[in-house]
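*Asks:* Have a look; sequence and predicted model below, questions after that.
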Amino acid sequence: MHPSILFILLMGLTIIESTVFSIPPLNFFHPQLAIVTIMLIALFRGPSLALILGVLIGLVRDIVYGTFIGMDMFTMGLVGYFSGSTFRLFLRRHLVLVVLTVIAFTAVYNFVTYGISVLFAQKKADISIVLVESIRMMIMNGIVTLFLYVPASKYLPLRTGRTFVEEEL
């Protein structure tokens, strides 16, 4: 897939995440579809593309939904880059390692976002509430990763015969 198509896909997932999963029956199951997809892009296409797409989608989310510009942009780019770098450490990318890495970087995303919010005095939440919410998000994103891994492994790798290498932009 071309990076512009991936950007449009991430925009659509952000819209679905903010509309469909905000109605009352589905608001308990609120996966972070854009974060999971950025991590899968980092797995199949490399950390550089995941960083660029994470920064762009984070900027759009900050402009449309955020309280101040830069928080989602920074954290989505950070998670995209470092999850891609972590995936490079694995010789074999088994589904279990992919799910565990997505779960770990979901926690990183939640705690970095909380830390930035507390640093700039945007939130006054207790750390125990953030921990419970982070555990719930980790479980939801792990389940979503199980469902998205097969389509991602089919459509995200480069078609040039080289797999799991960084894409030249």
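*Replies:* Happy to help now that I have it.

*Asks:* Do you have the helices of the protein handy? List them.
*Replies:* 3-19, 33-45, 47-64, 71-87, 95-119, 127-155 (DSSP state H).

*Asks:* Among those, show me which one is buried the most.
*Replies:* helix 33-45 (a mean of 26; mean count of other Cβ atoms under 10 Å). Glycine gets a C-beta too; all of them are placed from N, C-alpha and C.

*Asks:* on contacts alone, who are the packing partners of that helix?
*Replies:* Contact here means 3 or more Cβ pairs under 8 Å, 6 or more residues apart in numbering; DSSP states H and E; on that basis helix 33-45 packs against helix 3-19, helix 47-64, helix 71-87, helix 95-119, helix 127-155.

*Asks:* Tabulate the helices of the chain (JSON lines), appending mean pLDDT.
*Replies:* Putting the helices of the chain into JSON lines (pLDDT from 0 to 100) gives the following:
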{"stretch": "helix 3-19", "mean pLDDT": "93"}
{"stretch": "helix 33-45", "mean pLDDT": "94"}
{"stretch": "helix 47-64", "mean pLDDT": "94"}
{"stretch": "helix 71-87", "mean pLDDT": "94"}
{"stretch": "helix 95-119", "mean pLDDT": "92"}
{"stretch": "helix 127-155", "mean pLDDT": "92"}
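
*Asks:* looking at the ones you listed, which is closest to residue 26?
*Replies:* helix 3-19 (10.2 Å; Cβ to Cβ).

*Asks:* what's the angle from that closest one to helix 33-45?
*Replies:* 150 degrees (axes from the mean of the first three to the mean of the last three Cα atoms, to 10 degrees).

*Asks:* center of the chain - which residue?
*Replies:* What sits nearest the mean C-alpha location of the chain, by Cα atoms, centre = their mean, is residue 35, with 1.4 Å.

*Asks:* Sounds good, over and out.
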